[in-house]
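Asker: below: sequence and its predicted model.
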Amino acid sequence: MTVPLVFGLAGEGCALAFLISTIAILLVALNVNQFARISASPGSLYTYIKDHMHPRFGVLAGWALLIAYIGTAAAVSVGVTNYANVILRDRFGLEAYPWLLTALVMVVACYLAYRDVQMSTRLMLWLEAASVALIAVVAISTIVQHGWRPDIGQFTLKGVTPEKLRVGLVLAIFSSVGFESATSLGSEARNPLIAIPRAVKWSAVLAGVFFFLCAYAEVLGFHGESQSLDKSLAPLHILAQKAGLPPIVGTLTDLGAVLSFFSCFLACITAAARVLFLMGRHGALHALLGEAHEENQTPHRAVLLSSVAAFVPAGVMTFRGINLFDIYGLIGTLATFGFVTVYILVCAAAPLYLRTQGRLTRGGIAVSILAVLAMAAALLGSVYPVPPAPYSLLPYLYVGLLLSGFTWSVIWSSRSPASEREISGDMNALQNEAD
């Protein structure tokens, strides 16, 4: 769903937008891994920023991450709804109420994260791998069908202005955001100081390459189509038909999209719950959020809260009959602002951390500066030139949400006796307290 939206903004520069976003995300990944190689604490980037910058920056990062993860979950929930209805329409000639499907996504994912995230994550991993493989087959088949000839329009950026490219870049970055979510698991991972940095790096690289391939193939495949790429509800289904693949492949790609979006929803509420868990432990939010379920050993209250918070905007907008692609683009853009904010903060914190470790080098400083500049440029591109409404209102909505949450936490922590409570003990004790 992201590729058509980026094409609608950046036109023939769609694939280039994904390439630029991949380079920017990789720079951020290099900074994140400065922390992940040494520290294995849950809470993702919130912990890194809180521990190595002023605690107030940690609270700000925590709220930005919550907006990012919960916003992403809300956006991808309508992705499930869209592709589930595509399958129902093609196979059975009927459609389900979007609101009902969105609610079902929330309930099932919440149950899995509440009970045992390890089991559900492994299942989603295999389903996701199958989905990615199938989509890659469709993309490569489309390129092969065109004889491996380069699409000159995409390489020469025909009709693309810098302004269009900058606006499309924000949604292109949305495709790779959350690449760092493995850091939210901390000591729950096996060999976390090795596995988590590896996951962070390769998530950034492989996701970027995959989206570049898909963007190039989809723009290429829709040349000459009566319906433009940004108007298509199921572009991969159409490309599978054009490539001469069996009809079942189109249906399977749609099913793969349903599973992909669902697994992303599950991953987002899992990551958001762990940020809520630590903020509750540190006194930035109510202490009840910092408690784990006695039997399941999951941050159950945080899971429930993050699931409901993700459903509310998506549920309200689907109930009002707003186009699902518009919902995805609007909420996804809002979530991207949260990610970009945190990426800027963690990249700024990396040199401070390296200095405390006696490992600060000119290369580390350079990578930090380049990453901050890349993220800042993406953020600037989303507000200037001013995009059309309602996208022009999103920066104000984001700032309002961020400052409201930050103010609430500051007031709460000042009144709470557990305002700066830290998680102590070794990693075994930590693993027993939080899933």
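Answerer: Nice, I can see it. Residues are numbered from 1 along each chain as shown.
Asker: C-alpha from now on. contacts and neighbour counts both.
Answerer: Fine.
Asker: which stretches of the protein have low pLDDT?
Answerer: Applying pLDDT under 70 to the chain flags the ranges 40-44, 116-121, 184-188, 293-294, 296-297, 416-435.
Asker: check the gap between the nearest residue to Leu45 once chain neighbours are set aside and Leu193 for me.
Answerer: Spatially, and ignoring its direct neighbours in sequence, Leu45 is nearest to Val346 (6.7 Å; CA to CA, 6 or more residues apart in numbering). With distances taken as CA to CA, to the nearest Å, Val346 is found 18 Å from Leu193.
Asker: before we move on, what about Leu255?
Answerer: 35 Å.
Asker: ok, Val340 - how many residues close by?
Answerer: 26 (other CA atoms under 10 Å).
Asker: and if you look at Pro150?
Answerer: Neighbours of Pro150 using other CA under 10 Å come to 12.
Asker: how about Ala310, nearest residue that isn't a chain neighbour?
Answerer: Spatially, and ignoring its direct neighbours in sequence, Ala310 is nearest to Ala74 (4.6 Å; CA to CA, 6+ apart).
Asker: host element of the one you found?
Answerer: For Ala74, the element it lies in under DSSP states H and E is helix 55-92.
Asker: flag every buried residue along that helix.
Answerer: 57-87 (16 or more other CA atoms under 10 Å).
Asker: and for stretch 311-326?
Answerer: Phe311, Pro313, Ala314, Gly315, Met317, Thr318, Leu324, Phe325.
Asker: how near is the fifth one to Asn323?
Answerer: Right, Met317. Counting by CA to CA, the gap from Met317 to Asn323 is 9 Å.
Asker: for the second one, same thing?
Answerer: Using CA to CA, Pro313 is found at 13 Å from Asn323.
Asker: just the third one next, same as before
Answerer: The gap separating Ala314 from Asn323 is 11 Å, by CA to CA.
Asker: can you show me the CA trace of the helix or strand hosting Phe155 as CSV?
Answerer: Applying DSSP H and E as the criterion places Phe155 in helix 152-156. Extracted in CSV, the C-alpha atoms of helix 152-156 (Å, rounded to 0.1, in the frame of the first residue of the first chain):
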residue,chain,number,x,y,z
ILE,A,152,14.5,5.1,-18.6
GLY,A,153,11.8,7.3,-17.1
GLN,A,154,12.6,6.1,-13.6
PHE,A,155,16.3,6.6,-14.0
THR,A,156,16.0,10.0,-15.6
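Asker: for whatever helix or strand comes next after it, packing partners?
Answerer: Moving toward the C-terminus from helix 152-156, the next helix or strand (DSSP H and E) is helix 162-174. If you count contacts as 3 or more CA pairs under 8 Å, 6 or more residues apart in numbering; DSSP states H and E, helix 162-174 packs onto helix 2-10, helix 14-36, helix 324-356, helix 362-383.
Asker: export those helices to a markdown table and tack on distance to Leu233?
Answerer: Converted to a markdown table, the helices and strands packed on helix 162-174 look like this (distance: least, CA to CA, whole Å):
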| stretch | distance to Leu233 |
| --- | --- |
| helix 2-10 | 9 |
| helix 14-36 | 17 |
| helix 324-356 | 8 |
| helix 362-383 | 24 |
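Asker: quick one: closest of these to Leu401.
Answerer: helix 324-356 (10.2 Å; CA to CA).
Asker: what packs against that closest one?
Answerer: For helix 324-356, the packing partners by 3+ CA pairs under 8 Å, 6+ apart come out as helix 2-10, helix 14-36, helix 45-52, helix 55-92, helix 162-174, helix 300-319, helix 362-383, helix 394-415.
Asker: please convert the ones you listed to CSV, extending it with distance to Ala109.
Answerer: What follows is the helices and strands packed on helix 324-356, written out as CSV (distance: least, CA to CA, whole Å):
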stretch, distance to Ala109
helix 2-10, 22
helix 14-36, 27
helix 45-52, 23
helix 55-92, 10
helix 162-174, 21
helix 300-319, 8
helix 362-383, 31
helix 394-415, 25
